[in-house]
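[1] model this:
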Amino acid sequence: MASVAVANAALGAAFERVFSILYEAITDVINKTRMYESILLHLKGTLDQMRPLVEKMVLSNRERDLSEERTNRLIKRMEKAEKRVRKYSQLPWWKYLVRFHYAKKLVQLEKDLSGFFQVELPAWNAMNVLDVLESVRGPEDISQRLSLTRLNSVASCVVPRLRDFVIGLDVPLKELKMQLLAEEVSLLVLTAPGGCGKTTLVKMLGHDDDIKGKFEIFFVPVSKTPNLKVIIQKLLSKDDLSPPFQSDEDAIDQLEQMLVRQNKPILLILDDVWPGSESLLEKFVFRLPNYKILVTSRTVFPRFSNTYKLKPLNDDDAMKLFCHSAGLQDGSSSYIPDGEMVKKIVKGCGGFPLALKVVGKSLCGKPAVAWLVRVAKWSDGCSILDTDIESELLENLQSSLDFKGPEMILGECFMDLGSFPEDQRIPVATLIDMWSELYEPVVDGIHAIANLHEINNLNLVSLVATRQDVSEVGSYCSEDFVLQHDLLRELAIHQCRKEPFEQRKRLIIDISGNINIPKWWTEEREQPIDAQLLSISTGWFICSQNTITHIHIQLVMHRIFSTQSQHIGYVCR
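    From the prediction side, this is the model:
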């Protein structure tokens, strides 16, 4: 028995030594050359996640039944990998085929490492727990048994490590840190539409050396239907407490007592807080010195004045993220498209990291025809959201539109915005007039203005006020305008098209460029199309009056963009 334990200890020590040598080699090459940068950074990230687990495995003095054959095989592979990493970094740039071959081997090494830990570590952790359980005897030690169930809760308050390739967030990280560390800021809301990288940014912040050195950090994801007691239970479990709560008020009191006992300044990160949760956030606000709250949300909370708005990626960073996701940098793609094709696809993703990752992964390793078909569909007016491949992206964006009751009017107003051409300023006055006509005809359009502000707070549009003094309702109607992100406009159009064609409230027709006139345009119909809103976008096109007589409309949005930039506003019935 002792000899087995000694053998396993030696095996674990050998594994740790080779692991450290490989890690140092990868770090050294990354610092000296940009060759294989993306794949080496990904491999280094995998090793970063594994290092604490390796140390725990080696430090344990208990007998562990590690797979000797699998472990030795992985040790030899890591030894070879260390030599290859240093050798590969010295290859001349013009040896494309050799570099491609080596890149494939590095990718396989990362898979082997991940596979090893997925198999061995769960078993090792399970044996740890069993050893502790076997040492617990008698009913007097029930509390010790129960404390084992808190292990997962403790881990749940730790800031998760970054698993994905990250780019373009260094500047936002600096800006977010500066705003958060300001003395007057006690609660800061990080906001952006879904899929823009809010959670990724706060993970970066949570692992920033300055922040880790200054704060005791508590990280808690908040669900769409949050339970206050469950959230506080997770927070208290990090301090090895798990008391029962008599009420929400009791839970809040115990949380405050725990925070007071902390020796370091506290940073509480509440991730993915949904609209309508202002009252929940207020329960975590305590008048304590050195206590800050960072909230990530798709919405702006007007009740809390300190807000940081995360913008989509710029063109260069979007290109790098897409190329990484599509495997164009590490040799995992069998087809390398030309630059113009890549630019078209990246532009369609609008700088949203989630869109770039989803579309990139869907094309990774695909033949040339798959790339050509994707570009052709988008050129013919097909939306990035119209295919099953991008269902993850669509579900993420649609979750922001779950309006109920009186808020359903916000969904209607959002879909109306798809009627306006892309990349255009939408005058606030036009929206107020249109919504007053369609929904709530009230003097001064106060309901329309209120709805516009709600949509703006949800990050579904950007309201740009050209004047500082907007205290009067009428001041919104002259110079202010609205901007809508292209991907959110695609979402609005997609939502409009969910209804059967004859029953749609909005007809959005694009006959500009190479897009053909729809067949129904000249068809005779027994049942007219009873639309509320008709939007026609044209390059240059004039239609006769009787061409669209089979459409019953309440409001027309007809915009012609010719070489003279002529604009025709709206015409009421």
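
[2] Can you give me the distance of residue 532 to residue 496?
    11 Å (C-beta to C-beta, to the nearest Å). Bear in mind the C-beta positions are built from the backbone N, C-alpha and C, glycine included.

[3] what does residue 378 give?
    From residue 378 over to residue 496 the distance is 18 Å, taken as C-beta to C-beta.

[4] These two: who's more crowded?
    More neighbours surround residue 496 than the other of residue 378 and residue 496, with 19 against 16 (other C-beta atoms under 10 Å).

[5] Could you check how far that one is from residue 534?
    For residue 496 relative to residue 534 (C-beta to C-beta), the value is 12 Å.

[6] what touches both of the two?
    The contact sets of residue 496 and residue 534 overlap at residue 506 (C-beta atoms under 8 Å, 6 or more residues apart in numbering).

[7] Which residues does the host helix or strand of residue 204 contact?
    Applying DSSP states H and E as the criterion places residue 204 in helix 198-206. Residues from elsewhere that reach helix 198-206, judged by C-beta under 8 Å, 6+ apart: 159-162, 164, 166, 169, 172-173, 176-177, 180, 190-192, 211-212, 217, 219, 269, 271-272, 294, 296-297, 310, 353.

[8] Tabulate the CA atom coordinates of that helix in PDB.
    Written as PDB, here are the backbone C-alpha positions of helix 198-206 (Å, rounded to 0.1, in the frame of the first residue of the first chain):
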ATOM      1  CA  LYS A 198     -20.200  42.300 -20.400                       C
ATOM      2  CA  THR A 199     -19.600  39.100 -18.400                       C
ATOM      3  CA  THR A 200     -16.200  38.600 -20.100                       C
ATOM      4  CA  LEU A 201     -15.200  42.100 -19.100                       C
ATOM      5  CA  VAL A 202     -16.100  41.600 -15.400                       C
ATOM      6  CA  LYS A 203     -14.200  38.300 -15.400                       C
ATOM      7  CA  MET A 204     -11.200  40.200 -16.700                       C
ATOM      8  CA  LEU A 205     -11.700  42.800 -14.000                       C
ATOM      9  CA  GLY A 206     -12.100  40.100 -11.300                       C
END
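
[9] Please pull up the helix or strand immediately following it.
    Downstream of helix 198-206, the first helix or strand assigned by DSSP H and E is helix 209-214.

[10] now that next one: mean pLDDT?
    Mean pLDDT, helix 209-214: 92.

[11] returning to that earlier point: please flag which of the contacts of helix 198-206 sit within strands.
    Within those, membership in strands is found for 190, 191, 217, 219, 269, 271, 272, 294, 296, 297, as judged by DSSP state E.

[12] Nearest to residue 257 among these?
    Among the ones in strands among the contacts of helix 198-206, residue 217 lies closest to residue 257 (C-beta to C-beta), at 19.1 Å.

[13] Surely residue 18 and residue 75 touch.
    Yes. Counting by C-beta atoms under 8 Å, residue 18 does reach residue 75; the two are 5.1 Å apart.

[14] nearest residue to residue 464 other than its sequence neighbours?
    Excluding the flanking residues, the one nearest residue 464 by C-beta to C-beta, 6 or more residues apart in numbering is residue 481, at 5.5 Å.

[15] just residue 392 next, same as before
    Closest to residue 392 by C-beta to C-beta, 6+ apart is residue 358, at 5.5 Å.

[16] Same check on residue 399?
    residue 194 (6.6 Å).

[17] Next, the contact list for that neighbour, please.
    Here residue 194 is in contact with 298, 354, 396, 397, 399, 400 (criterion: C-beta under 8 Å, 6+ apart).

[18] And these, which is closest to residue 422?
    residue 397 (16.1 Å).

[19] ok, and that closest one, which helix or strand is that part of?
    Counting by DSSP H and E, residue 397 is found in helix 391-398.

[20] Contacts made by that helix with the rest, please.
    Contacting residues not belonging to helix 391-398 are listed as 193-195, 352, 354-355, 358-359, 384-385, 487-488, 491, 494-495 [C-beta under 8 Å, 6+ apart].

[21] how about low-confidence regions in the stretch 451-573 of the chain?
    467-478, 511-529, 538-573 (pLDDT under 70).

[22] Quick check: the residue nearest to residue 392 vs residue 87, distance?
    Taken as C-beta to C-beta, the span from residue 358 to residue 87 is 35 Å.

[23] and the two? which has more neighbours close in?
    Set residue 358 next to residue 87 and count neighbours by other C-beta under 10 Å: residue 358 wins out with 21 against 10.

[24] coming back round to it: joint contacts of residue 532 and residue 496?
    Among the neighbours of residue 532, those also in contact with residue 496 (C-beta under 8 Å, 6+ apart) are 505, 506.

[25] Give me the secondary structure label for the residue nearest to residue 399.
    coil (DSSP: H, G, I helix; E, B strand; the rest coil).

[26] Phi first, then psi, for it.
    Main-chain torsions, residue 194, degrees, to the nearest 10: phi -60, psi 140.

[27] pLDDT wise, what is it at?
    89.

[28] any idea how far residue 488 lies from residue 198?
    For residue 488, the distance to residue 198 equals 16 Å [C-beta to C-beta].

[29] Check which residues of the helix or strand containing residue 370 are buried.
    According to DSSP H and E, residue 370 maps onto helix 368-379. Buried positions in helix 368-379, judged by neighbour count with 16 or more other C-beta atoms under 10 Å: 371, 374, 375, 378.

[30] Quick check: the last one touching residue 348?
    Spelled out, it's residue 378. Yes. Under the criterion of C-beta under 8 Å, residue 378 makes contact with residue 348 at 5.4 Å.

[31] which residues are in contact with both of these two?
    When C-beta under 8 Å, 6+ apart defines a contact, the residues bordering residue 378 and residue 348 alike are residue 384.

[32] For residue 408, give its distance to residue 414.
    Distance of residue 408 to residue 414, given as C-beta to C-beta: 11 Å.

[33] Which one of those two is surrounded by more residues?
    residue 414 (23 against 10).
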